[in-house]
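Q: Sequence and computational prediction follow.
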Amino acid sequence: MTTLILGVGNLLWADEGVGPRLIELLRQRGRTGDAELVDGGTQGLYLLPLLTSAEQVVLLDAVDLGRAPGDIVVLEGEGISSLGQGRPLSLHQSSLHDLLAAAALIGQTPARLGLIGIQIADTSTWGAGLTPNVEAALPKAAVMVEQWVG
Amino acid sequence: MTVLPTPDASGRRVIIDPITRIEGHLRIEINVDDRNVIRNAVSVGTMWRGLENILKDRDPRDAWAFAQRVCGVCTGIHALASLRSVEDALAIKIPENANLIRNIMTLTLYAQDHLVHFYHLHALDWVDVVSALRADPAATSTLAQSISSWPKSSPGYFKDIQARIAKFVGSGQLGPFRNGYWGHPGYKLPAEANLMAVAHYLEALEFQREMVKIHTVFGGKNPHPHWVVGGVPSAINVHNTGAVGAINMERLNLVVEIARRTQEFITQVYVPDLLTIASFYKDWVQWGGGLSSMNLMSYGEFPGRANDTSNDNMGMPRGAIIGGDLSRIHEVDLKDPSHIQEFVDHSWYKYPDEGKGLHPFDGITECDFRLGPAGKIDKDFLTQVDETAKYSYVKAPRFKGEAMEVGPLARLVIGYAAGRADIRQLVDGALKKLDVPLSALFSTLGRTAARGLEAQWAADRLVTTVNDLIANIRNGDINTCATEKWEPSSWPATAKGAGYCEAPRGALGHWVVIKDGRIANYQCVVPTTWNASPRDAKGKIGTYEAALMGTPMADPSRPLEVLRTIHSFDPCLACATHLYGPDGEPIVDVKVV
């Protein structure tokens, strides 16, 4: 089964960059086997070629669900779109949602789709790195990603 | 020449926040009179962008990598503008192959961006998805076959599409179709045209996946391809030996094939759809023109030969039109301090001497969020801005003191005025098919049509540029990068450079000041800064603002007309993100106050 691990978010914007930062860490750890690791940035619909290229896909993203900064949520399949319907799930809610809908519309939703989200604290400081609680959550999140794809 | 009406803010205020189906976050506030005609328009960029400050003190050879992260969507073009600014500063001459490959990357971006914009961001302003569910598949097939030879046009095909959409909507998923003003009286297409357009919406989603493979061939990876100061990072090896990932004939043939299919899709699907849809919306040649009949600007793009920025060498010419005088094309010089200046009198930035514009070499990006007396904030939420004071995070760039429209319409009109035969043929052909005069271009519909025609131009040129590259390689030139000035020890102590680009959305400039091998100042003026500009020191309104003036609205609480005009510019404020609270703010808020 082909696997894609896709981190989304803006590296230049504090906790917003947690998805791509997690991709970096996973690459260093080297425990995700044949899975493709991609920093997707904030490209929205332009990520469709990637999203539809693998049989299982896990998205790594910043979320704001009012939890403690650094809390990790794991969602799978329907859970991702249904949560998004009621209330915006992530910072790229509209674009990520449109992306998943676009894949569904052309009948190419990955057979298994997950989202590992990290509760963020600060997304307003340009050029800043991750805040301490979010930074500290990275190793745990990496293990969860490895288990998810494992 | 038309004269812009003076904004009149006495009528009802309508606030649309955010404008949906754009990249990034934009807020529009308008005042309508008692007949619901827009009499005042205010364009508000609500998120701060401080790339400039991030780049200070960095190695100029790395600037492109940061620059391509400033915008989530137009990554490659920011990288290119950055490279050109550094190469200009250090007088680096790039090889012919590098110029051709950069042109191929940009032409692919034009074709892909315009296609995605038309079908996925803009078409739903004209196409009613709900109406498509009522279409007769056989009649849709007849319509499709009457406008194009595109093979996917049987009644069965359209019936399948209809079933797919019905199932999708029925399952409660709305995805891209949410927030549509379905059933709005402004929708004029017959159900069959709606179904045909929706089918092509899906085909375009599939097709754009193919196009990005070109970026992977030359940039090594997508979505963030590699770039390099001095050329391109790709090695060429047509004998199939040597480095892994080098460009060989097999990969070049793949590019030829994708370019051919791109040309086919745009010729047989995009342009016929565009002209068919336009034929039902000819009333939209009256509205949305704004500055387009007066002030237009292009920096020029697609140099045929490397390192030659003379206008004759540019596939799309450089120049500005002021006051609607198409007989005179003004020279545009990115380094002349009297040409391009940015003002912050109405922007949330601070200058030591406000009221005076600054050329980007001397540009300052210092945040200063303050509202005027009529501005209102309710707990952290911006309720209303006051356009008599500062009201946007977008600066106000001006060319010789004038607000300018940039983008495909500006490029085509400047090319047309310059007498370019390829552009004249393209534009005249479309005008003839629609049976409208040249002046019809200066409108919302004209702007949307110009983008489609430019996609055609870009796809045609993509095919020829790929052939030029192959011919150059066959002639024995495999050089892709100039490295003589790679080491900072070869640079002068101080240097300044301007990087021009015509991004799909319009004129893009990066300005760099290098001191002792490091970046001392860096400024970007992006296309959306020109188009989404607020008022300036003299009170001159910005491009979006001008375009909205005078438009009649059917129902201000469902502002479809505003979306049509704003989307016709393809706004990109993707450098911004927007944070929603855990309780879920409404995704779109239209307030009539």
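A: Looks like it came in fine.
Q: where's the one residue in chain A that gets nearest to chain B, which helix or strand?
A: Nearest residue of chain A to chain B (CB to the nearest CB) works out as A:Ala101 at 2.2 Å. The way it works is simple: take the backbone N, C-alpha and C, and place the C-beta from them, glycine included. Taking DSSP states H and E as the definition, A:Ala101 sits inside helix A:93-105.
Q: For that helix, enumerate the helices and strands it packs against.
A: Secondary-structure packing of helix A:93-105 (3 or more CB pairs under 8 Å, 6 or more residues apart in numbering or on different chains; DSSP states H and E): helix A:48-51, helix A:78-86, helix B:155-170, helix B:191-211.
Q: Show me how far the helix or strand just after the shortest one is from its chain's centre.
A: Looking back up the chat, that one is helix A:48-51. Sequence-wise, the next helix or strand downstream of helix A:48-51 (DSSP H and E) is strand A:56-63. On the basis of CA atoms, centre = their mean, to the nearest Å, strand A:56-63 sits 2 Å off its chain's mean C-alpha point.
Q: So strand A:56-63, near chain B or not?
A: No. Using CB under 8 Å from any CB of the partner chain, strand A:56-63 stays clear of chain B, with a minimum separation of 9.1 Å.
Q: Report the angle between that strand and helix A:93-105.
A: Per axes from the mean of the first three to the mean of the last three CA atoms, to 10 degrees, the angle that strand A:56-63 makes with helix A:93-105 is 160 degrees.
Q: By mean pLDDT, point me to the weakest helix or strand of chain A.
A: The helix or strand of chain A with the poorest confidence is helix A:78-86; it has a mean of 58 (mean pLDDT, DSSP states H and E).
Q: if we can go back for a sec, export the helices and strands packed on helix A:93-105 as JSON lines, with columns for distance to B:Ala421.
A: Below are the helices and strands packed on helix A:93-105 laid out as JSON lines (distance: least, CB to CB, whole Å):
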{"stretch": "helix A:48-51", "distance to B:Ala421": "36"}
{"stretch": "helix A:78-86", "distance to B:Ala421": "50"}
{"stretch": "helix B:155-170", "distance to B:Ala421": "38"}
{"stretch": "helix B:191-211", "distance to B:Ala421": "27"}
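Q: Among those, show the one with the smallest mean pLDDT.
A: Confidence, taken as mean pLDDT, is least for helix A:78-86 of those (a mean of 58).
Q: so where's chain A shaky on pLDDT?
A: Across chain A, the ranges flagged by pLDDT under 70 are A:81-95, A:123-128.
Q: show me the contacts for the residue nearest in space to the middle of it.
A: Geometric centre of chain A, nearest residue: A:Leu60, 1.6 Å, by CA atoms, centre = their mean. Taking CB atoms under 8 Å, 6 or more residues apart in numbering or on different chains, we find A:Leu60 in contact with A:5-8, A:18-19, A:22-23, A:115-118, A:141, A:145.
Q: Could you measure from it over to B:Lys376?
A: Remark: distance between A:Leu60 and B:Lys376 (CB to CB, to the nearest Å) = 38 Å.
Q: same check, this time on B:Asp555
A: In terms of CB to CB, B:Asp555 sits 25 Å off from B:Lys376.
Q: again, but for B:Gln162
A: In terms of CB to CB, B:Gln162 sits 47 Å off from B:Lys376.
Q: now A:Gly44
A: 32 Å.
Q: who has more neighbours, those two?
A: Counted by other CB atoms under 10 Å in any protein chain shown, A:Gly44 and B:Lys376 do not tie: A:Gly44 has more neighbours, with 23 against 12.
Q: Just the pLDDT at the closest residue to chain A within the stretch 301-450 of chain B, thanks.
A: Scanning the stretch 301-450 of chain B for proximity to chain A using CB to the nearest CB identifies B:Cys367 as nearest, at 9.5 Å. Listed pLDDT for B:Cys367 reads 82.
Q: Spatially central residue in chain B, please.
A: Centre-most residue of chain B, counting by CA atoms, centre = their mean: B:Arg505, 1.8 Å.
Q: Figure out how far stretch B:142-157 is from the centre of its chain.
A: The mean C-alpha position of stretch B:142-157 is separated from the chain mean by 30 Å, CA atoms, centre = their mean.
Q: does any bit of it sit next to chain A?
A: No. Using CB under 8 Å from any CB, stretch B:142-157 stays clear of chain A, coming no nearer than 13.5 Å.
Q: lowest-pLDDT helix or strand in chain B?
A: strand B:589-592 (a mean of 62).
Q: now the lengthiest helix in chain B: mean pLDDT?
A: Using DSSP state H, we find that the single longest helix of chain B is helix B:444-474. Averaged across helix B:444-474, the pLDDT comes to 97.
Q: check contacts around the closest residue to B:Met553 other than its chain neighbours.
A: In space, B:Met553 comes closest to B:Asn36 once its chain neighbours are excluded; the distance is 4.6 Å by CB to CB, 6 or more residues apart in numbering or on different chains. Shown in contact with B:Asn36 (CB under 8 Å, 6+ apart): B:Pro552, B:Met553, B:Ala554, B:Asp555, B:Pro556.
Q: Now restrict these to buried residues only.
A: Buried subset of the contacts of B:Asn36 (neighbour count, 16 or more other CB atoms under 10 Å in any protein chain shown): B:Met553, B:Pro556.
Q: Mind checking which of the contacts of B:Asn36 are in helices?
A: Going by DSSP H, the helices hold none of the contacts of B:Asn36.
Q: Same list as before, the contacts of B:Asn36 that is, but in TSV and with pLDDT and distance to B:Lys335 included.
A: Formatted as TSV, these follow (pLDDT from 0 to 100; distance: CB to CB, whole Å):
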residue	pLDDT	distance to B:Lys335
B:Pro552	98	44
B:Met553	97	43
B:Ala554	96	47
B:Asp555	94	48
B:Pro556	94	45
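Q: Closest one of the contacts of B:Asn36 to A:Thr131?
A: B:Pro556 (41.4 Å; CB to CB).
Q: Run a quick check on the closest one versus B:Ile15, I expect a contact.
A: No. Under the criterion of CB atoms under 8 Å, B:Pro556 is not in contact with B:Ile15, lying 10.3 Å apart.
Q: secondary structure element for A:Trp148?
A: Per DSSP H and E: helix A:132-149 holds A:Trp148.
Q: Also B:Pro534?
A: Per DSSP H and E, there is no helix or strand for B:Pro534.
Q: ditto for B:Ile364
A: With DSSP H and E as the test, B:Ile364 turns up in no helix or strand.
Q: Quick check: it vs B:Lys356, distance?
A: 11 Å.
Q: I figured B:Ile258 hits B:Gln208, correct?
A: No. With contact defined as CB under 8 Å, B:Ile258 does not count as touching B:Gln208 (11.1 Å).
Q: can you map out the strands along the stretch 201-350 of chain B?
A: Secondary structure of the stretch 201-350 of chain B (DSSP state E, counting those that start in this stretch): strands at B:296-303, B:314-321, B:340-343.
Q: Now do stretch B:539-556: distance to the chain's middle.
A: The answer for stretch B:539-556 is 19 Å, by CA atoms, centre = their mean.
Q: before we move on, what about stretch B:307-314?
A: 22 Å.
Q: which residues sit in contact with the closest residue to A:Pro139 other than its chain neighbours?
A: In this structure, A:Pro139 finds its nearest non-sequential neighbour in A:Leu25, 7.3 Å apart by CB to CB, 6+ apart. Residues near A:Leu25 by CB under 8 Å, 6+ apart: A:Leu138, A:Pro139, A:Ala142.
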